[in-house]
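Novice: I would like the atomic coordinates for the input below:
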Amino acid sequence: QVQLGESGGGLVQAGGSLRLSCEASGRTFSTHAMGWFRQAPGKEREFVAAIDWNGINTYYRDSVKGRFTISRDNAKNTVYLQMNSLKPEDTAVYYCAFSSRSYYFGPGDFGSWGQGIQVTVSS
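Specialist: Down below sits the predicted model:
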C-alpha cells in the first residue's frame, strides 16, 4: 500500500504559476512511474502528466504542453508538477497517482491516488 500526500495548491491569477508536490510513502517509489490527474466540477477526472521511474521520459496532455513540467526526486520520494502560464480552465482538484508499472503506458496504469488538492485560477 502506498500513501500519497499533495501540497502546493491554492488560488492564483491567470498567467501565474504554482508548483504542486506529492510525497509518497509505504512502497518503493523510485521504481514506479508517477502521474498527475485533475478533475474540474462536473467533469470526469483527466490525465495531466506522467513520468517514468527514472525521470527520463515525461508525458503530457496536449492542453498543458509547454506550460506544465512534471519532475521527480527519488531520494525524497516526491513528484512535482510545475504549472506556468495558468489559465482559468486549469481550475480543478489535482490528484497525484502511483503507477503499478515502472514505465508509463496509459492512464489505466494508476491505481493509488492522493486525496487531491485544489487549484483555482482566477481570470
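Novice: Can you tell me what sits against stretch 78-86?
Specialist: Stretch 78-86 is contacted from outside by 12, 14-24, 34, 36, 48-49, 51, 64, 67-73, 90, 94, 96, 119, 121, using Cβ atoms under 8 Å, 6 or more residues apart in numbering. To be clear about C-beta, it is placed using only N, CA and C from the backbone, and glycine gets the same treatment.
Novice: So residue 115, which state does it fall into?
Specialist: Three-state call for residue 115 (DSSP: H, G, I helix; E, B strand; the rest coil): coil.
Novice: hang on, isn't it packed against residue 3?
Specialist: No: in this structure residue 115 lies outside contact range of residue 3 using Cβ atoms under 8 Å: 9.7 Å.
Novice: Please, which helix or strand holds residue 118?
Specialist: Assigned by DSSP states H and E, residue 118 belongs to strand 117-122.
Novice: List the buried residues of that strand.
Specialist: Buried residues in strand 117-122, counted by 16 or more other Cβ atoms under 10 Å: 117, 119, 121.
Novice: follow-up on the earlier one: which of the contacts of stretch 78-86 count as buried?
Specialist: When these are checked for burial by 16+ other Cβ under 10 Å, the buried set is 12, 18, 20-24, 34, 36, 48-49, 51, 64, 68-70, 72, 90, 94, 96, 119, 121.
Novice: on that earlier part again, helices and strands around the strand holding residue 118, which ones?
Specialist: Packing contacts for strand 117-122, counted by 3 or more Cβ pairs under 8 Å, 6 or more residues apart in numbering; DSSP states H and E, involve strand 10-13, strand 18-25, strand 92-99.
Novice: Can you dump the C-alpha atoms of stretch 21-29 in CSV for me?
Specialist: Taking C-alpha atoms only, stretch 21-29 is exported to CSV below (Å, rounded to 0.1, in the frame of the first residue of the first chain):
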residue,chain,number,x,y,z
SER,A,21,4.3,18.4,-4.7
CYS,A,22,3.4,14.9,-3.9
GLU,A,23,5.3,12.8,-1.3
ALA,A,24,4.9,9.1,-1.3
SER,A,25,5.4,6.6,1.5
GLY,A,26,4.8,2.9,2.1
ARG,A,27,6.1,1.4,-1.2
THR,A,28,9.1,1.6,-3.4
PHE,A,29,8.6,5.0,-5.0
